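Student: Below is the sequence, then the predicted model.
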Amino acid sequence: MKISAESRDNLVVLTLKGNLLGGPDADSFYNEVKSFLDKGNRQFVLDLSNVKLMNSSGLGILIKALKPVREAGGDFHLASVTEKIDSLFMITKLYQVFKSFPDVEQASRAFE
Amino acid sequence: MNPAGPESASSVHYSGPGRDVLDALRQLVERLEALRQQEPAPSSQASSAWLLHVRQALEELDGSTARLRDLLEPARTLRENRLLREIGRRLGRDLGSESLALLIMDTLGGVVDFDAAGIYFLDPKDATIRWESLRGYDTDKLHLVRQKLDRGIMGWIARHKESVVVPDVRVDPRYFNARDRTRSELVVPILLEDRVIGFFNLESDRPACYGEQERLLMEVLASQVAQTVEHTLLRADREERRRVQADLKVARSIQRSLLPKADLHLHDVEVAGLNLPSTEVGGDYFDHFMITPQDIGLVIADVAGKGIPASLLMASVRTGIHILTQYRLDMAGMLSHLNEHLLEVTAADSFVTVFYGVYHRPSRRLTYVNAGHNPPQLLRRATGALESLETGGLILGAFRDVHYELGLVDLEPGDRLFFYTDGLNETENAGGREFGLEGIAHALREAGRLDARGLLQHELAALRLHAGLHERVTRFPDDLTLMALVCADE
């Protein structure tokens, strides 16, 4: 999995590419989020349009990173969740926790 | 034999190769001795001329000793080769690294000069000395010898991972004095891959005792020792793996004992389940048990992740459910309790999905909570329709203060309820297509009137067909757990 980040003002757009299946990805994603938190960012948009596969360990990665964001008073918005990953969020009922938007633009605007 | 007799050492005449060098050396020593006796007062007029003579004599001495060293070289190479051969021979006999180090210490004297020597092995955990063998140090200074590890040249090597030759320890700031007489030193790291696992340290009372040749020899010896250490580690690793494998077998049998011993066969309903971990132990779990003679508890759960961590959490889920069932809490409250309990024991990136239901036999009503688990599929006999049992709430063990909703469904005679974990729907074929809900539904309908156990076997056969696996394969890429409840026909 590859992470690229773009930040403007308080908002950080994290774009994930590849598969989110746990393993070494877990730390790199968490550390990325933590480093932005340390810089004072609180609003995160997670662009999932290029994530092909995700399993329960991949969900675990997102859940773990959400915790410090919420504790700092911030939030995660999901953007462009593909159909396959959408069903994973549906089954686990994680949409009760993660807000999801059709694209990055709308996910960003929702913070305003 | 010299006619002058053995009482006078200087009169013994050597007549082998290098005699001329020895004679030159003897003359030089005599010249220096004479110069010493003629030493003028410092800064007098004579003193600069005298110093010039001394310098000349010393330069000639250097040249002669170098020639002598060249002459002695073949003999020394022979001794080095013998030492290396002996080490090679002992390595073949499975000698431990410490014994090999001792052997090197004992035989090194014939090849390299030293007045004190040490060999140290470091503890990989904290880089303190795990084992050492010392020669030539004063016993009351041993505590200083050990300090060399952090403060001396060894400390420098630990960071730079290369050998150090110190011709004069008095002018090298890295030298840490644990022995006053030492003038030169050679320290060579014992390297395993890129890690310093120990040191050879030689000290001499003579200045400039060590050069390139000694350094190379000691590096060869150090690499021999490193090889032995590697062999020992590999052997220990193999044994450890065997032990873990044996432990895992025990863990697997414990985990099996946590699952129902047999299918449930009642006149009005039957329940069967199967659990196939992808490794020795897994994080999936199913359960069916009589809460009262009328009520059957039904559980299927999946811990995120695999292997031992998942299996430990699974045991905790089972215990939680069984204890909470006894308290007769309402089901939604029970799941909230279980969630809070699991929050305490799960890692930040772990969670559990659980479907918990109670089937009331007289009314054929299933009351349930689905906490983020793949929804069980209810196949209606009358219509052939499929229903997903989704009501409930969030996954367990990830968030605080979660509330659950209760689901209700009334079953009819001949209805069949199929539970599964994501190892079933997520198994891909060679083309990367998942078995999916379609595969599950298709096999469910295809199973026709098979009993609960037969239904499970049929789903499994369909999965194998999809994934192109042999019919006897029982290990799938992910943990796989299936359970079926079949209502008897009227």
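Tutor: Received, thanks.
Student: Show residues contacting the strand ranked longest in chain A.
Tutor: When chain A is parsed with DSSP state E, its longest strand is strand A:43-54. Residues external to strand A:43-54 that are found in contact with it (Cβ atoms under 8 Å, 6 or more residues apart in numbering or on different chains): A:1, A:10-21, A:33, A:36, A:62, A:69, A:74-82, A:84-85, A:88, A:104, A:107-108, A:111. Where you see a C-beta, it was placed from the backbone N, CA and C, and this is true even at glycine.
Student: hang on, isn't B:Leu396 packed against B:Ala371?
Tutor: Yes. The pair B:Leu396 / B:Ala371 is scored as a contact, 5.1 Å apart, by Cβ atoms under 8 Å.
Student: Close to chain B: what parts of chain A are there?
Tutor: By the rule Cβ under 8 Å from any Cβ of the partner chain, the part of chain A lying against chain B is A:22, A:26, A:55-57, A:59-61, A:63-64, A:67, A:91-94, A:96-97.
Student: out of B:Leu396 and B:Ala371, which sits in the more crowded spot?
Tutor: More crowded of B:Leu396 and B:Ala371, by other Cβ atoms under 10 Å in any protein chain shown: B:Leu396, with 29 against 26.
Student: just checking, what packs against the longest helix seen in chain B?
Tutor: For chain B, the longest helix by residue count, based on DSSP state H, is helix B:45-92. For helix B:45-92, the elements it packs on are helix B:19-37, helix B:97-108, helix B:212-257, judged by 3 or more Cβ pairs under 8 Å, 6 or more residues apart in numbering or on different chains; DSSP states H and E.
Student: how about the helices in the chain?
Tutor: Looking at chain A here, since you left the chain open. Shown for chain A, the helices assigned by DSSP H span residues A:25-38, A:56-71, A:83-91, A:104-109.
Student: please go with chain B instead
Tutor: Using DSSP H, the helices of chain B run over B:19-37, B:45-92, B:97-108, B:142-151, B:153-160, B:212-257, B:307-326, B:331-345, B:422-425, B:436-446, B:452-467.
Student: circling back to that earlier point, most tightly packed of the helices and strands packed on helix B:45-92?
Tutor: By mean neighbour count, with neighbours taken as mean count of other Cβ atoms under 10 Å in any protein chain shown, helix B:97-108 ranks first of the helices and strands packed on helix B:45-92 at a mean of 18.
Student: re the thing from before, can you say which of the residues of chain A next to chain B are buried?
Tutor: For the residues of chain A next to chain B, a neighbour count by 16 or more other Cβ atoms under 10 Å in any protein chain shown gives the buried set as A:22, A:26, A:55-57, A:59-61, A:63-64, A:91-94, A:97.
Student: returning to that earlier point: and the helices of chain B: which comes nearest B:Leu202?
Tutor: helix B:212-257 (7.2 Å; Cβ to Cβ).
Student: starting at the chain centroid, how far to that closest one?
Tutor: Centre-to-centre, helix B:212-257 and its host chain are 9 Å apart (Cα atoms, centre = their mean, to the nearest Å).
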